[in-house]
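[1] Next come a sequence and a model predicted from it.
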Amino acid sequence: MIINRQAEEALRPDQVRAMAHGLYALAAIDGITETEEELLKAFLKDGGIEIDLESLAKIPFSLEELLYSLDTVFLRRTFLRVCILMARADGVVSDAEMSELRRVAQVMGVDEPLDTLIANLEGTSL
């Protein structure tokens with residue numbers, strides 16, 4: 001069930017953790033770069049979550065947890081946009097990363113094509 005929330009509401013701790021976990025899983029597909037590590041650390045710090053990346057890596061990623069925590073279409077689209085920016089942070093979006101992004105978008109029920117989301121983010125960085 002997707003509930004209605006206001007876009008300007010702060011993320012709950014479970015949402016920050018779930019998003020960070022998803023971002024970590026995406027970055028790990030082709031090896032986490034120093035830039036990606038710094039972005040993840042900043043995301044966790046800004047979200048008020050005190051967990052190091054080693055601890056985060058030890059927790060199995062759950063797409064179900066992500067779906068449960070990201071309970072609005074707005075949050076799901078926002079997450080996918082951040083994923084795209086994370087994937088581009090190292091300068092190369094691998095085929096494996098694109099495949100995972102497409103899978104996550106499909107499971108999340110985001111009907112906006114990834115190509116459109118990517119095009120809308122041209123020139124944007126984290």
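    All right, it came through fine.

[2] which residues make contact with stretch 16-23 from outside it?
    Residues outside stretch 16-23 that contact it (Cβ atoms under 8 Å, 6 or more residues apart in numbering): 11, 39-40, 43-44, 47-49, 51, 56, 59, 61-63, 65-66, 68-70, 79, 82-83, 86, 104. All C-beta atoms are positioned from the backbone trio N, CA, C, and that covers glycine.

[3] Give the PyMOL command for selecting the buried subset of those.
    A single PyMOL command selects the buried members of the contacts of stretch 16-23 (16 or more other Cβ atoms under 10 Å):
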select buried, resi 11+39+40+43+44+47+49+56+61+65+66+69+70+79+82+83+86+104
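
[4] Just the ones in helices from the contacts of stretch 16-23, please.
    Taking DSSP state H as the definition of helices, the contacts of stretch 16-23 contribute 39-40, 43-44, 56, 63, 65-66, 68-69, 79, 82-83, 86, 104.

[5] what phi and what psi does the backbone show at residue 32?
    phi -80, psi 120 (degrees, to the nearest 10).

[6] need the contact list for it.
    Contacts for residue 32 were tallied using Cβ under 8 Å, 6+ apart; they are 24, 40, 53.

[7] Would you mind checking which of these is nearest to residue 33?
    residue 40 (10.5 Å; Cβ to Cβ).

[8] And the closest one, how far from residue 115?
    Taking Cβ to Cβ, to the nearest Å as the measure, residue 40 falls 25 Å from residue 115.

[9] quick revisit: now, which of the contacts of residue 32 sits nearest residue 110?
    When the contacts of residue 32 are compared against residue 110 (criterion: Cβ to Cβ), the nearest one is residue 24, at 20.0 Å.

[10] what number of residues lie near the closest one?
    When neighbours are counted by other Cβ atoms under 10 Å, residue 24 registers 21.

[11] before we move on, what about residue 57?
    Around residue 57 there are 14 other residues, counting by other Cβ under 10 Å.

[12] shouldn't it be in contact with residue 37?
    No - Residue 57 is beyond contact range of residue 37, at 10.8 Å (criterion: Cβ atoms under 8 Å).
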